[in-house]
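> Show me how the following folds:
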Amino acid sequence: VPLDDVVIIVATGTHRASTDDERRRMFGDDIVDSVRIVDHDARDDASNQWIGVLGDDVPVWLDREWVDADVRITTGFVEPHLFAGFSGGPKMVAPGVAGLETVLTLHDARRIAHPKARWGVTVGNPIHDDIRAIAAATGVDMSVDVVLNASQQIVSAYAGDLFPTHEAAVALSRRLSMRPMPTQYDVVVTSNAGYPLDQNLYQCVKGMSAAAQVVTPGG
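Sure, this is the predicted structure:
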């Protein structure tokens, strides 16, 4: 495949665009200098295409580069997520390359307040159910997911059809990252896992939410 036919989309969701330095650390100089790399912009109406209403009444806008591609491949890493269950897989489509209205709907108060919108739950989680519906309806030809250790090193990689690939990565991530706790604790020291999740205050809620699972009421 000629490199002129390849586009890498950085699935920013609603987050800021990547810098040149970040791209070179992510991809390496050879790829940055030879392949077109595009940051998804959820707020740019012109770069997002209307898809329709999917899932539980979700208005879906997706990046035109993604929609117009002949072959669509997602890449991501899988870890527990505080309200989407697990990251990776279909999350690369939505919210990854979704428009602002789509992301705000997926993150609305009704969905996040649902008792199954929590760490480690995907099936029956209204957020993840809608994310899967969007990814299934818009088409993914192949998915590549990895699982990382605490040092952000790849410990396992999975590739193939989107949903079974994600399920396999989720199974390993659940085994490596989650433990049943015999009791709750009065004091819990927490972290949001350091770089790059220490870039802004918004990310702090991840550490807080994890600690809240095992701290006593009033602890």
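
> Which other helices and strands does the lowest-mean-pLDDT helix or strand in the chain contact?
When the helices and strands of the chain are scored by mean pLDDT, DSSP states H and E, helix 204-212 comes last with a mean of 90. In terms of contacts (3 or more Cβ pairs under 8 Å, 6 or more residues apart in numbering; DSSP states H and E), helix 204-212 is packed against no helix or strand at all. Where you see a C-beta, it was placed from the backbone N, CA and C, and this is true even at glycine.

> Give the buried residues for it.
Neighbour counts over helix 204-212 (16 or more other Cβ atoms under 10 Å) mark K206, G207, S209, A210, A211 as buried.

> Check the offset of it from the chain's centre.
Put simply, helix 204-212 sits 17 Å off its chain's centre (Cα atoms, centre = their mean, to the nearest Å).

> which other residues reach that helix?
By Cβ atoms under 8 Å, 6 or more residues apart in numbering, the list of residues contacting helix 204-212 from outside reads L82, W119, V188, V189, T190, S191, N192, A193, L197.

> Mark which of those residues are buried, thanks.
L82, W119, V188.

> backbone phi and psi for the closest residue in space to I8 that isn't next to it in sequence, please?
In space, and not counting its chain neighbours, I8 is closest to I37: 4.6 Å by Cβ to Cβ, 6 or more residues apart in numbering. Backbone torsions of I37, given as degrees, to the nearest 10, read phi -120, psi 130.

> Pull the number of nearby residues for I37.
Per other Cβ atoms under 10 Å, the neighbour tally for I37 reads 16.

> what does T105 give?
As a burial measure, T105 scores 23 neighbours (other Cβ under 10 Å).

> ok now do E79, which residues does it touch?
F86, S87, G88, V147, L148, S173, S177.

> Okay, and which of these map to strands?
Members of those lying in strands (criterion: DSSP state E): F86, V147, L148.

> So what pairs up with the nearest residue to the last one once chain neighbours are set aside in the strands?
Nearest-residue entry for L148: F77, 5.4 Å, with adjacent residues in sequence omitted and distances by Cβ to Cβ, 6+ apart. Following DSSP bridges, F77 is listed with bridge partners V146.

> Please report the distance of F77 from F86.
In this view, F77 and F86 are 10 Å apart by Cβ to Cβ, to the nearest Å.

> more neighbours, these two?
When F77 and F86 are compared for neighbours, F86 comes out ahead with 25 against 17, by other Cβ under 10 Å.

> which SS state does the closest residue to that one other than its chain neighbours fall under?
Closest residue to F86 apart from its sequence neighbours, by Cβ to Cβ, 6+ apart: V170 at 4.9 Å. Look at V170: counting by DSSP: H, G, I helix; E, B strand; the rest coil, its state is helix.
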